[in-house]
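Novice: The sequence and its predicted three-dimensional model are supplied below.
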Amino acid sequence: MVLIAVDTPRGRVTGVPEPGESWADAALRHAVGEAVAPTASDLSGDPAVFVADPDRRLHLRPAMPGDLPDLIRWRQQPHVHRWWASDGDPTPERVTAQYLPDIQGDTRDTLWIAELNGRSVGFLSDYLISDHPDYALLTPDPTAIGVDYAIGEVAWTGRGLGAALLWTWLGTIRSRHPGAAHAFAAPDHRNRPSLRVLERSGFAP
């Protein structure tokens with residue numbers, strides 16, 4: 001049985017899930033009374049660590065056309081562009097052409113903006129693998145939900161925000177895609193920080 005740990009302003013709370021209880025529900029039960037719901041911090045070991053930090057409120061919202069300047073700037077950041085170079089030079093025209101159809105609802109892909117304490121800090125895109133035949137070759141489950149993500153603000157990289165971002169997003173899947181059994185990501189195999197984020201979020205390699 002994996003031990004659940006929740007880091008809160010009043011210290012670490014630990015316990016084990018009850019029979020049939022998910023890690024997420026166990027973390028929420030142990031964080032009762034906290035100002036925010038716990039998010040994943042590092043689920044790759046034992047204990048599985050969550051954090052409930054009222055000073056780090058992460059929220060996902062659908063992207064809007066007004067977010068395009070931030071998206072363009074983030075895609076041009078060296079720490080992002082290095083791993084997205086296959087999409088071509090991130091000119092304003094190219095980035096707009098890539099994301100505006102998703103923002104306007106012309107595709108079934110969904111583009112999210114990650115807000116930390118009300119400030120936009122990154123983005124996440126999800127899509128049905130079955131809508132992208134080339135991606136379907138990468139996973140044994142063509143009904144999976146694919147995800148791409150980036151913390152665009154360099155000041156917030158390397159601070160554990162990526163795991164919280166993916167955990168927050170995973171909480172939306174069941175209601176939006178009730179038939180999906182798996183989430184799937186395929187970062188460059190050399191992108192160790194991104195692979196570690198997936199591991200900390202509970203993804204299996």
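Specialist: Nice, thanks for sending it over.

Novice: Grab the longest strand from the chain for me.
Specialist: Longest strand in the chain, counting residues (DSSP state E): strand 119-128.

Novice: State the pLDDT value of P38.
Specialist: pLDDT for P38: 94.

Novice: number of nearby residues for it?
Specialist: Residues near P38, counting by other Cβ atoms under 10 Å, number 27. For every residue, glycine as well, the C-beta is placed using N, CA and C.

Novice: Could you report the distance from it to A164?
Specialist: As judged by Cβ to Cβ, to the nearest Å, P38 and A164 stand 10 Å apart.

Novice: who touches both of these two?
Specialist: Counting by Cβ atoms under 8 Å, 6 or more residues apart in numbering, the common neighbours of P38 and A164 are V51.

Novice: What's opposite the nearest residue to H59 once chain neighbours are set aside in the beta bridge?
Specialist: Computed as Cβ to Cβ, 6 or more residues apart in numbering, the closest residue to H59 that is not its neighbour in sequence is E115, at 4.7 Å. Note on E115: beta-bridge partners by DSSP bridges are H59, S120.

Novice: quick one: E115 from V36, how far?
Specialist: Taking Cβ to Cβ, one finds E115 at 14 Å from V36.

Novice: do L195 as well
Specialist: Separation of L195 from V36 (Cβ to Cβ): 27 Å.

Novice: could you pull out the strands for this structure?
Specialist: Counting by DSSP E, the strands of the chain are 4-8, 11-15, 39-42, 48-51, 58-62, 110-116, 119-128, 145-151, 183-184.

Novice: show me what contacts L100?
Specialist: 65, 68.

Novice: packing partners for the helix of greatest length in the chain?
Specialist: For the chain, the helix with the greatest residue count under DSSP state H is helix 161-176. With contacts taken as 3 or more Cβ pairs under 8 Å, 6 or more residues apart in numbering; DSSP states H and E, helix 161-176 sits against strand 39-42, strand 58-62, strand 110-116, strand 119-128, strand 145-151, helix 192-200.

Novice: what sits up against the longest strand of the chain?
Specialist: Contacts of strand 119-128 (Cβ under 8 Å, 6+ apart): 60, 63, 67, 70-71, 74, 99, 102, 107-115, 135, 143, 145-153, 156, 161, 165-166, 169, 177.

Novice: Let's see that with 7 Å instead.
Specialist: Contact partners of strand 119-128, identified using Cβ atoms under 7 Å, 6 or more residues apart in numbering, comprise 60, 63, 67, 70-71, 74, 102, 108-115, 145-153, 156, 165, 169.

Novice: Between strand 58-62 and it, find me the angle.
Specialist: Angle, strand 119-128 to strand 58-62, by axes from the mean of the first three to the mean of the last three Cα atoms, to 10 degrees: 60 degrees.

Novice: buried ones in strand 119-128?
Specialist: For strand 119-128, the neighbour count (16 or more other Cβ atoms under 10 Å) marks 120-128 as buried.

Novice: Generate CSV for these, with pLDDT and distance to R29 as supplementary columns.
Specialist: Shown next, in CSV, are the buried residues of strand 119-128 (pLDDT from 0 to 100; distance: Cβ to Cβ, whole Å):
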residue, pLDDT, distance to R29
S120, 97, 32
V121, 98, 29
G122, 98, 29
F123, 98, 31
L124, 97, 27
S125, 96, 32
D126, 96, 28
Y127, 94, 33
L128, 92, 33
